[in-house]
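Chemist: Model the structure of this input:
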Amino acid sequence: MATAHHIYWWNLENLFDILDSPRRPEWFQKTIKNELKGWNEDVLDQKIHNLCSIIKQMKNGHGPDIMGVCEIENEFVVQKLMDKVGAEIGRNCKVLHKDTKDQRGIDIAIIYDADLYTDDGHVFSLEIMKRAATRDLFQVNLTTKADGNELILIGNHWPSRLAGKFESEPYRIMVAEILSYWVSRIYEIKKEERNDDHPPIVLMGDFNDQPYDRSITDYLSSTSNLERVKNARSPVLFNTMFPFLDGKLGTHVYGNEINILDQFIVSKSLTVDSANYPFQFIASKILQFPGLTKGDYNTPVRFSRPSEETTFNPSGFSDHLPIELLLEEK
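Modeler: Numbering: from 1, shown residues only. A predicted model of the protein is given here:
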């Protein structure tokens, strides 16, 4: 009987530690001080309460099996969030994280239910440089406890569009090209280690580009064409998010522009129904639980920060919607 694995991704929108946190490096304390004006223990607890109310609804009220998150400052805030989630729904949540050199102090973490998976004791974090460090690519390798199958997960938070979509595009292309090479190296390593030609790889993240933008199609080698994925000699990835490009619901809304910036992209073995491959892609979703969106464009309801008085909303969540990937393990 197949086992379902529910994997989620969510950009948590600036889940910062408290102002003057002893866990924050001195250089960053100075950089972030004005931005975090008014961000105290009560505000952090409220943000965590709101996020928890959504996370515990995932997987029909059982919470996520695996979840990747970005825009988190450090392991402390993610652990604080997942301790609350775990206590409320009975999940044994383990957080994997590594501090990076991002100039705004925001990182990626991957969380999993330690009753269902084990990790190999390592995290792989790749720093990519432009004029300063971008957010790292973040890889973890999990193994299912029930059947002993390895699943490779890579979290992404690509350079933003704040400088303009086309002005900032070269930086995302740079990350895409490096990630594509990294995926190729995983194939080579798994071939050497265990004669595995098609390791199961899940890329998840806030790519700050649409599924059809050239950073993702041309440089990451991702497509919606399953035949191309199955027949390619070198790794071509399957982007699971193309069905949502109908303009009705996105993961991020800017003005009246609905975007699919948050995506799940998977390797060949996840798209082929074969006894040779342990996992199979079933479906992706954009989650729209009650209260998460507002207005005609289904705009995500932001929490923001007290320093942004016009947008701060203690009842909000994030400026992105969470997404879900359903896999089956044969």
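
Chemist: alpha carbons only for contacts and neighbour counts from here, please
Modeler: OK.

Chemist: In the stretch 151-300 of the chain, what residue spans correspond to strands?
Modeler: Using DSSP state E, counting those that start in this stretch, the strands of the stretch 151-300 of the chain run over 201-206, 222-223, 237-239, 252-254, 257-259, 262-266, 279-286, 293-294, 299-300.

Chemist: which one of these lies closest to Val140?
Modeler: In terms of C-alpha to C-alpha, the element of these nearest to Val140 is strand 201-206, at 10.3 Å.

Chemist: what's the following helix or strand after that closest one?
Modeler: Per DSSP states H and E, the first helix or strand lying C-terminal to strand 201-206 is helix 214.

Chemist: partners of Gly155 in the sheet?
Modeler: Legend: beta-bridge partners of Gly155 under DSSP bridges are Phe138, Met204.

Chemist: In which helix or strand does Trp10 reside?
Modeler: Assigned by DSSP H and E, Trp10 falls in strand 3-15.

Chemist: separation between the residue nearest to Ala114 when sequence neighbours are not counted and Leu153?
Modeler: Spatial nearest neighbour of Ala114, chain neighbours left out: Asn92 (5.6 Å); criterion: C-alpha to C-alpha, 6 or more residues apart in numbering. Distance from Asn92 to Leu153, counting by C-alpha to C-alpha, to the nearest Å: 19 Å.

Chemist: What of Pro159?
Modeler: 20 Å.

Chemist: And for Val78?
Modeler: Noted for Val78: a distance of 18 Å to Leu153, by C-alpha to C-alpha.

Chemist: In terms of neighbours, single out the busier of these two.
Modeler: Val78 (26 against 20; other C-alpha atoms under 10 Å).

Chemist: Quick one: residues contacting the more buried one.
Modeler: 72, 95, 109 (C-alpha atoms under 8 Å, 6 or more residues apart in numbering).

Chemist: what secondary structure does it sit in?
Modeler: helix (DSSP: H, G, I helix; E, B strand; the rest coil).

Chemist: residue boundaries of the helices in the stretch 51-200 of the chain?
Modeler: Remark: helices assigned in the stretch 51-200 of the chain by DSSP state H, counting those that start in this stretch are 58-61, 75-89, 165-194.

Chemist: I'd like the ones you listed written out as CSV, with mean pLDDT added.
Modeler: Below are the helices of the stretch 51-200 of the chain laid out as CSV (pLDDT from 0 to 100):
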stretch, mean pLDDT
helix 58-61, 98
helix 75-89, 97
helix 165-194, 92
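
Chemist: Dump stretch 29-41 to PDB, restricted to CA.
Modeler: Output in PDB follows, covering the C-alpha atoms of stretch 29-41 (Å, rounded to 0.1, in the frame of the first residue of the first chain):
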ATOM      1  CA  GLN A  29      21.800  44.300  15.300                       C
ATOM      2  CA  LYS A  30      22.800  47.700  14.000                       C
ATOM      3  CA  THR A  31      21.600  47.000  10.500                       C
ATOM      4  CA  ILE A  32      18.100  45.800  11.500                       C
ATOM      5  CA  LYS A  33      17.400  48.100  14.500                       C
ATOM      6  CA  ASN A  34      15.100  50.600  12.700                       C
ATOM      7  CA  GLU A  35      13.300  47.900  10.800                       C
ATOM      8  CA  LEU A  36      12.500  46.100  14.000                       C
ATOM      9  CA  LYS A  37      11.200  49.100  16.000                       C
ATOM     10  CA  GLY A  38       8.400  47.800  18.200                       C
ATOM     11  CA  TRP A  39       9.100  44.100  17.400                       C
ATOM     12  CA  ASN A  40       9.000  42.700  20.900                       C
ATOM     13  CA  GLU A  41       8.200  39.400  22.600                       C
END
